[in-house]
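>>> Here is my input, please return the structure:
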Amino acid sequence: MLEGKDILIVEDDPVFRRMITGFLLSQGCEVREAEDGLQGLRALRDGIPDVLLCDLAMPVLTGMEFVEEVSLHYPMIPVIVISGTGEMADVAAALRHGVKDFLVKPLDNIMVLKAALMSVLKAQENTTEYTDFSSQLLQHDSAVDEELQWHINELESHPEIARELLVGLMPDTLSRQGDWQMSYCVLQSADVQPVLLDYTWLMDGRLAFYLLDAESGGRQGAATVLLIRALFNDYLRKRMASENDISSMLQTIENGMKQSGYAVPIKGLFGIFDACDRSLVVVSTGSEAMLRTSDGEMIIPAGASLGDGARKNLTSSYVLPHSGARLSLSKIGAANFSITIQRLDAMKEHEIHPAVKAKTKV
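Presented below is the predicted three-dimensional model:
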């Protein structure tokens, strides 16, 4: 499958670059090399490769700047990042720019690189198939299984790397859609695995989101959270446009966790907010929460952990006032997490005009 494929390597370490080049040539690939990001951009102008391999720590043009340029001007090129273990925060940022996979230096087993390349190329054959690093956790074939197990082992063996990756995958703290705004606030200890938030505004005005407590899964928590992230986004792409059933979403995610063979029960919370009718549907999957509105406070009791399968979790439904609501997690140890959903005009109503502020000063 690799024979005849054009691979561009952008790497400033000549020894490592030659090692990768030698291996790819032995696999029948056509290989081009660049010593830094600037040379890499020049190489891209000369020809579009089938796959691009690049480092994140490079002179002249940093690897992150290079990845951003590629995602902007050459979005059709699949990129695999190869980075040192100390650059996981940057790797997470690169994943948000559409990087298909990442590998950690040094490569103890060169066949992991071959598996990564074959996985990316297989996905490219079906141009309608969405793929990123998390979505690879959904794939099952012999070429990918070795690489997948390698990633899982890395996350389990290096909790500090897993934490940096999850923190780096956190989305923007503020997002607006029409008349509504969603924001979040988090305070987490650096000694434990974090609570991961993910959310998506759908075209019809719905906001789908979740919170997952990676620490609740122990050593396998990070890999499980990444799998759930992939299953959540896969469900949104394929079924959410025609469905509004959060129970169906959770059942699909739990089925995927069971089929993976490595996922463990995880505490969290899932929700869907509909901006059209201000309805909020929340399901606790192991994490107790508090919903605060101008009408009062409501406790959302902790249900069974996601993947536990012991019993079905209760669905809590609310109609939010125009001013919105704040949803806060509680009893999750060293983390404090809250999500605020507000209507923009309601926010303006509570703002005090500067002239009024001046009159109230003592």
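>>> what about the helix or strand encompassing residue 33, distance to the chain center?
Using DSSP states H and E, residue 33 sits in strand 30-34. Mean-position distance between strand 30-34 and its chain equals 30 Å (C-alpha atoms, centre = their mean, to the nearest Å).
>>> For the helix or strand that it is followed by, list the C-alpha coordinates in CSV.
Per DSSP H and E, the first helix or strand lying C-terminal to strand 30-34 is helix 37-46. Provided in CSV are the C-alpha atoms of helix 37-46 (Å, rounded to 0.1, in the frame of the first residue of the first chain):
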residue,chain,number,x,y,z
GLY,A,37,9.1,24.7,8.0
LEU,A,38,10.1,27.3,5.4
GLN,A,39,11.7,24.7,3.2
GLY,A,40,8.7,22.5,3.8
LEU,A,41,6.4,25.2,2.3
ARG,A,42,8.6,25.6,-0.7
ALA,A,43,8.5,21.8,-1.2
LEU,A,44,4.7,21.9,-1.1
ARG,A,45,4.7,24.5,-3.9
ASP,A,46,6.7,22.0,-6.0
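>>> which outside residues touch helix 37-46?
Residues from elsewhere that reach helix 37-46 (C-beta atoms under 8 Å, 6 or more residues apart in numbering): 8, 10, 32, 34, 52, 54, 58, 60-63, 65-66, 69-70, 73-74, 77. Quick note: C-beta positions are derived from backbone N, CA and C, even for glycine.
>>> Helices - which of those residues land there?
63, 65, 66, 69, 70, 73 (DSSP state H).
>>> Could you report the separation of the first one from residue 56?
What it means is residue 63. 3 Å (C-beta to C-beta, to the nearest Å).
>>> So which other helices or strands are in contact with the helix or strand encompassing residue 124?
Element membership of residue 124, judged by DSSP H and E, is helix 111-125. When contacts are defined as 3 or more C-beta pairs under 8 Å, 6 or more residues apart in numbering; DSSP states H and E, helix 111-125 packs onto helix 14-26, strand 51-54, strand 79-84, strand 101-105, helix 142-157.
>>> Now distance to residue 233, mean neighbour count and mean pLDDT too, for the ones you listed, in a markdown table please.
Formatted as a markdown table, the helices and strands packed on helix 111-125 follow (distance: least, C-beta to C-beta, whole Å; neighbours: other C-beta atoms under 10 Å; pLDDT from 0 to 100):
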| stretch | distance to residue 233 | mean neighbour count | mean pLDDT |
| --- | --- | --- | --- |
| helix 14-26 | 30 | 15 | 94 |
| strand 51-54 | 23 | 25 | 95 |
| strand 79-84 | 19 | 21 | 86 |
| strand 101-105 | 16 | 21 | 81 |
| helix 142-157 | 17 | 16 | 62 |
